[in-house]
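**Student:** Quick check, what structure comes out for this input:
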Amino acid sequence: MRQLTDAEVIDVLQRNGTGVLALNDWVDANPHPLPVSYGYDDERDLFVVQLEGDEESHKKRCLQRDRNVGFTVYEETEPKSTWRSVIVKGELVETEHADVEPALAVLATNTQYAPNPVTWGDSDTVSPYQLEIETWSGREFTIG
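**Tutor:** Residues are numbered from 1 along each chain as shown. You can find the predicted model right below:
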């Protein structure tokens, strides 16, 4: 195993478009992980996810209690050869689409299944959130 450099962490974040967002769930004292699409624009250091649900949704209630989150991205870079993972930690804050448009463009480019707030479900319940990155780390493992 070896640690990834900051440049390699950025590469992993830019190459991928889905990961696992872990929220703090103070109700039952367990983490609340959920798969989400994301976009990362390294020029502006914007990390964005879109969350669906009204103010009563479980994920939004978790964020009302604690905006500190973890996010994991992983990839197998060469089949059965190399595995990389990145963990990002920080505060997740609701934002406006216009403020994070460059990262949303990356989100749309990196994943075919990203929710489009104009066409996906009830667009009134799709909100962009910016992950204000406090720390990140990455590792690479050789397989087999």
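**Student:** quick one, strands of the chain?
**Tutor:** 2-3, 18-25, 30-41, 46-52, 68-78, 82-94, 126-142 (DSSP state E).
**Student:** Tell me which of the ones you listed sits most buried.
**Tutor:** With neighbours defined by mean count of other CB atoms under 10 Å, none of the strands of the chain is more surrounded on average than strand 46-52, at a mean of 22. C-beta coordinates here come from the backbone N, C-alpha and C atoms, glycine included.
**Student:** how big is the angle separating that one from strand 126-142?
**Tutor:** When axes from the mean of the first three to the mean of the last three CA atoms, to 10 degrees is applied, the directions of strand 46-52 and strand 126-142 differ by 120 degrees.
**Student:** quick one, what contacts the spatially most central residue of the chain?
**Tutor:** Nearest to the geometric centre of the chain sits residue 38, at 4.6 Å (CA atoms, centre = their mean). Remark: with contacts taken as CB atoms under 8 Å, 6 or more residues apart in numbering, residue 38 is in contact with 17, 18, 19, 21, 47, 48, 49, 71, 73, 107, 131.
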